[in-house]
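[1] Here's a sequence, model it:
(chains A and B)
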There are 2 protein chains.
Amino acid sequence: MTHEQPESAAPELDRTDLPAFEAAYQAAQKSLTEGGIPIGAAVARGGVVFASGHNERVQNADPIAHGEMSALRAAGRQRSYRDTTLYTTLAPCAMCAGTIIQFKIPRVVVGEARTFDGELDLLRSRGVEVVVLDDQRCVDMMRTFQADRPDLWAEDIAE
Amino acid sequence: MTHEQPESAAPELDRTDLPAFEAAYQAAQKSLTEGGIPIGAAVARGGVVFASGHNERVQNADPIAHGEMSALRAAGRQRSYRDTTLYTTLAPCAMCAGTIIQFKIPRVVVGEARTFDGELDLLRSRGVEVVVLDDQRCVDMMRTFQADRPDLWAEDIAE
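    Sure, this is the predicted structure:
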């Protein structure tokens, strides 16, 4: 199976995507239990998750540690990302989208883009395949967080 | 003095820019003495540097720790970046440019863009003021590094 498809067709899920995505969701849930921002991510190669992480703004006072960034930091030094897929519970912001572009990660699976638009158009304009799951658990998780902690959410996206 | 100018004019240097830029250059030199990648950055508010950092790929095996990212991490949680200037010895890559956009940093002073194009057009398209110093020390520092360690340089920009 390849990830190429005509622009009119929806990108397809690989059979390994939903199991791998769970690592991102679990990382988000872990952050929530720690009092942190519930956004998680994971990186997989050949269908196998090799790193995951979550937002660490609260836990480590680290403003660059969005979920995607924490997962990529946890992955350590990689010679190439061209055979990887990044999973994230929420549409990537400009920082995380720029990182995906810079690292030449070819494919991103996004839990949801309802509670935050993110930079999906920027990703697609640079040739990244973007699959949006529209996962209701992720929508509910973020809506609850945004309602409970609007100050923290605004800080995280610099609004 | 404001930073607004007609598009035809070169962006202007503030009198505090060159002293603040030195913090970025010194951070790059520090990294070089540690065997790391010689790219540094600093963040200033009101002309006063409040955080600096350098690339930490070698030192901490951290692929997201480009100079700009390390400086922003060192700055910790900030309510707003709208009154800050980011100084960096090298043109920001897509990760660092995306971060500048996401954090709504309005102004970036770049040491040089000769040895790496970076994403200056993306920054400008999102309204960020970009000043390129074309500092010969920075050009020489990167050219020497790129010639000495082409493998490490390729890894850092995922090429």
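
[2] Point out where chain A drops to low pLDDT.
    Residue ranges of chain A with pLDDT under 70: A:1-11.

[3] What parts of it come near chain B?
    For chain A, the residues in contact with chain B (Cβ under 8 Å from any Cβ of the partner chain) are A:57, A:61-65, A:69, A:72-73, A:75-81, A:93-99, A:101-104, A:119, A:126, A:155, A:157-158. For glycine as for every other residue, the C-beta is placed from the backbone atoms N, C-alpha and C.

[4] Make a ChimeraX selection of whichever of those residues turn out to be buried.
    Only the buried entries of the residues of chain A next to chain B go into this ChimeraX selection, using 16 or more other Cβ atoms under 10 Å in any protein chain shown:
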select /A:57,62,63,64,65,69,72,73,75,78,81,93,94,95,96,97,98,99,101,102,103,104,119,126,155,158
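
[5] Could you confirm A:V139 falls within a strand?
    No - secondary structure of A:V139, determined by DSSP: H, G, I helix; E, B strand; the rest coil: helix, with no strand assignment.

[6] Show me what the closest residue to it other than its chain neighbours bridges to in the sheet.
    Among residues not flanking A:V139 along the chain, A:E112 sits closest, at 4.8 Å (Cβ to Cβ, 6 or more residues apart in numbering or on different chains). With DSSP bridges as the criterion, A:E112 is bridged to A:L90.

[7] ok, now how distant is A:E112 from A:K30?
    18 Å (Cβ to Cβ, to the nearest Å).

[8] Give the residue from those two that has the larger number of neighbours.
    Comparing A:E112 with A:K30 by other Cβ atoms under 10 Å in any protein chain shown, the one with more neighbours is A:E112, at 23 against 16.

[9] longest helix of chain A?
    Identified as the longest helix of chain A according to DSSP state H is helix A:17-33.

[10] Work out the gap between the helix or strand hosting A:V43 and the centre of the chain.
    According to DSSP states H and E, A:V43 maps onto strand A:40-45. Taking Cα atoms, centre = their mean, to the nearest Å, one finds strand A:40-45 lying 8 Å from the centre of the chain it belongs to.

[11] again with stretch A:122-130
    Relative to where its chain is centred, stretch A:122-130 has its mean C-alpha point 14 Å off (Cα atoms, centre = their mean).

[12] Ok, stretch A:119-128 next?
    Using Cα atoms, centre = their mean, the offset of stretch A:119-128 from its chain centre is 14 Å.

[13] Next: stretch A:150-157.
    18 Å.

[14] which residues touch it?
    Outside stretch A:150-157, the residues that touch it by Cβ atoms under 8 Å, 6 or more residues apart in numbering or on different chains are A:37, A:55, A:57-58, A:63, A:66, A:93, A:116, A:145-146, B:77, B:79, B:102.

[15] let's see it at 10 Å
    Around stretch A:150-157, the neighbours that count as contacts under Cβ atoms under 10 Å, 6 or more residues apart in numbering or on different chains are A:35-37, A:39, A:55, A:57-58, A:63, A:66, A:93-95, A:115-116, A:118, A:142, A:145-147, A:149, A:159, B:77-80, B:102-104.
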